[in-house]
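S.K.: quick one, structure for this:
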Amino acid sequence: GTRGSRAFRGRWTRGVRALRGVWPRGARERRSGWTRGVRAHPADVPGALPVIRGFGALAHRNFRLFFYGQSLALVGTWIQTTAMSWLVYRLSGSAFLLGLTGFAAQIPMLVVSPFTGVIADRFDRRRVLAAMQWLLLAHAATLSLLAWHERLEPWHVVLAALLMGTAMAAETSARQSYVPSLIDDRADLPSALALGAFLQNAGRMIGPTLAGFLIHATSEAGCFLANALSKLGVLGSLAAIAAPRPRPAGTARSVGAELREAYRYQRSLTPVRVLMKHIAVFSFVVTPYSVLLPIYAAEVFGGGAATLGLLMGAAGMGGVCGGAVLAWRNRVGGLVTLTQRATAACGLALLGFAWNTMFWAALALLFVGGASVIVVVTSTSTITQMVGDEDKRARVMSFFTMSFLGVMPLGALCAGSAAAAVGVQPVV
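M.R.: Residues are numbered from 1 along each chain as shown. The predicted structure is shown next:
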């Protein structure tokens with residue numbers, strides 16, 4: 001009886017530690033007391049910048065280099081995404097084709113992500129990332145050349161969106177699982193993940209705004225060229241990062257066996273299982289509003305590319321603020337409650353935006369919606385990353401990618417079809 005009781009307590013304790021993130025010893029000492037003579041954290045040394053103390057992940061050189069490189073690449077990605085949407089709508093005037101473009105860009109996240117997760121767990125994640133960046137650079141350069149010579153038709157752009165989405169699916173799985181290896185102290189992992197969300201939304205804020213002005217000043221070809229050049233930043237940062245200790249190679253198994261193992265593993269983690277369902281529903285019914293913003297810009301507010309850039313930039317600015325708050329917060333406790341509140345706030349913001357006709361009020365509502373979306377997504381990602389084991393991280397995160405980015409195109413396709421039938425405002 002005593003042996004069984006001890007075994008039960010051991011399993012219970014391990015489960016609690018897993019849910020709390022399995023903090024390493026250095027992190028527990030750092031949390032329990034900052035002045036007990038423990039190993040100094042890079043952000044705590046005398047003279048450290050205040051922003052480094054708040055955003056602990058920036059104290060790590062490898063992460064800092066990756067952060068700077070990704071900042072350029074993500075801005076370029078959003079510039080191209082906005083230009084592709086505007087080009088399809090300009091050439092066709094079809095809400096359905098607009099939704100189909102969003103569907104084509106994101107459906108690979110649903111179909112391809114599990115297999116790219118296996119690749120990221122088997123091979124060097126940095127090399128996988130570099131290969132995908134080279135592919136995306138070549139893709140953007142080709143689009144720029146075709147757009148410059150006015151050889152693009154709507155179906156060309158839809159196909160280009162599909163190819164871009166496939167490369168992005170592989171890049172996302174490798175990037176999400178690569179970030180923890182850039183952090184020497186696991187206690188700074190929540191900060192690193194939140195800063196990644198900050199980058200995504202800084203790009204979402206800056207990229208569409210730049211795209212609007214680039215289209216106005218040059219054409220969509222200028223946007224595609226800017227995206228191609230932005231990939232050089234992340235390629236340079238990957239080359240400068242000190243290589244982490246290699247992960248021990250496991251026994252080679254079939255792709256199906258590895259996917260089944262990862263699926264059973266993530267199902268065994270209660271918070272991950274529940275949050276995966278939540279993020280899938282949220283992605284289907286909430287996030288497709290961004291696909292319909294070109295229609296709002298042109299028909300509701302009577303504007304053009306610059307108006308679209310401001311609308312998307314407002315949502316991106318909200319995401320930047322939400323990501324910055326989570327990065328400064330730098331702790332896991334209370335994230336589930338925060339996710340629930342952010343979900344409710346996002347629904348209310350979109351309800352107000354749907355029937356609003358005042359442009360500046362629309363910007364404010366999109367700001368709230370953008371902040372809420374990033375809080376929900378980043379909180380879910382953080383909990384998943386903190387709980388998952390290193391050898392299964394890429395595959396587990398590929399299920400997160402499926403639940404969020406993979407379900408989104410289904411919502412975008414339904415939203416585009418419904419908007420073509422009944423109008424954009426009832427759909428939002």
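S.K.: show me the shaky parts of the stretch 151-300 of the chain.
M.R.: The model of the stretch 151-300 of the chain has pLDDT under 70 over residues 201, 204-205, 243-253.
S.K.: and the strands in it?
M.R.: For the stretch 151-300 of the chain, no strands are identified by DSSP state E, counting those that start in this stretch.
S.K.: now the helices for it?
M.R.: Ranges of helices within the stretch 151-300 of the chain are 154-178, 189-217, 220-240, 255-268, 270-285, 293-295, based on DSSP state H, counting those that start in this stretch.
S.K.: out of these, which gets nearest to Asp124?
M.R.: Using CB to CB as the measure, helix 154-178 is the one of those that comes nearest Asp124, at 9.3 Å. Yep, even glycine has a C-beta here, placed from its N, CA and C like the rest.
S.K.: helix 220-240 and that closest one, what's the angle between them?
M.R.: 20 degrees (axes from the mean of the first three to the mean of the last three CA atoms, to 10 degrees).
S.K.: by contact count, what packs against the longest helix anywhere in the chain?
M.R.: If you go by DSSP state H, the chain has its longest helix at helix 61-92. Counting contacts by 3 or more CB pairs under 8 Å, 6 or more residues apart in numbering; DSSP states H and E, helix 61-92 packs against helix 95-111, helix 125-148, helix 154-178, helix 189-217, helix 220-240, helix 293-295, helix 305-329.
S.K.: can I get these in TSV with mean neighbour count and distance to Thr82?
M.R.: Converted to TSV, the helices and strands packed on helix 61-92 look like this (neighbours: other CB atoms under 10 Å; distance: least, CB to CB, whole Å):
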stretch	mean neighbour count	distance to Thr82
helix 95-111	24	11
helix 125-148	19	13
helix 154-178	22	12
helix 189-217	24	4
helix 220-240	21	7
helix 293-295	24	9
helix 305-329	23	7
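S.K.: adding distance to Gly76, write those helices out as TSV.
M.R.: Converted to TSV, these look like this (distance: least, CB to CB, whole Å):
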stretch	distance to Gly76
helix 95-111	15
helix 125-148	7
helix 154-178	12
helix 189-217	7
helix 220-240	3
helix 293-295	20
helix 305-329	14
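S.K.: out of those helices, flag the one nearest Pro271.
M.R.: That would be helix 189-217 among the helices and strands packed on helix 61-92, by CB to CB, at 14.6 Å.
S.K.: tell me what angle the closest one forms with helix 220-240.
M.R.: 150 degrees.
S.K.: quick check: angle from helix 189-217 to helix 61-92?
M.R.: Using the same axes, to 10 degrees: helix 189-217 against helix 61-92 is 40 degrees.
S.K.: so what secondary structure elements neighbour helix 189-217?
M.R.: Short answer (3+ CB pairs under 8 Å, 6+ apart): helix 189-217 packs on helix 61-92, helix 220-240, helix 305-329, helix 359-387.
S.K.: which one of those helices lies nearest to Ala140?
M.R.: That would be helix 220-240 among the helices and strands packed on helix 189-217, by CB to CB, at 3.8 Å.
S.K.: just how off-centre is stretch 305-316 within its chain?
M.R.: 19 Å (CA atoms, centre = their mean, to the nearest Å).
S.K.: ok, now stretch 174-193?
M.R.: 14 Å.
S.K.: that stretch: end-to-end distance?
M.R.: End-to-end distance for stretch 174-193, by CA to CA, to the nearest Å: 14 Å.
S.K.: OK, contacts around Glu208?
M.R.: For the record, residue 208 is Pro, not Glu. Contacts for Pro208 (CB atoms under 8 Å, 6 or more residues apart in numbering) come out as 78-79, 81-82, 308-309, 311-313, 316.
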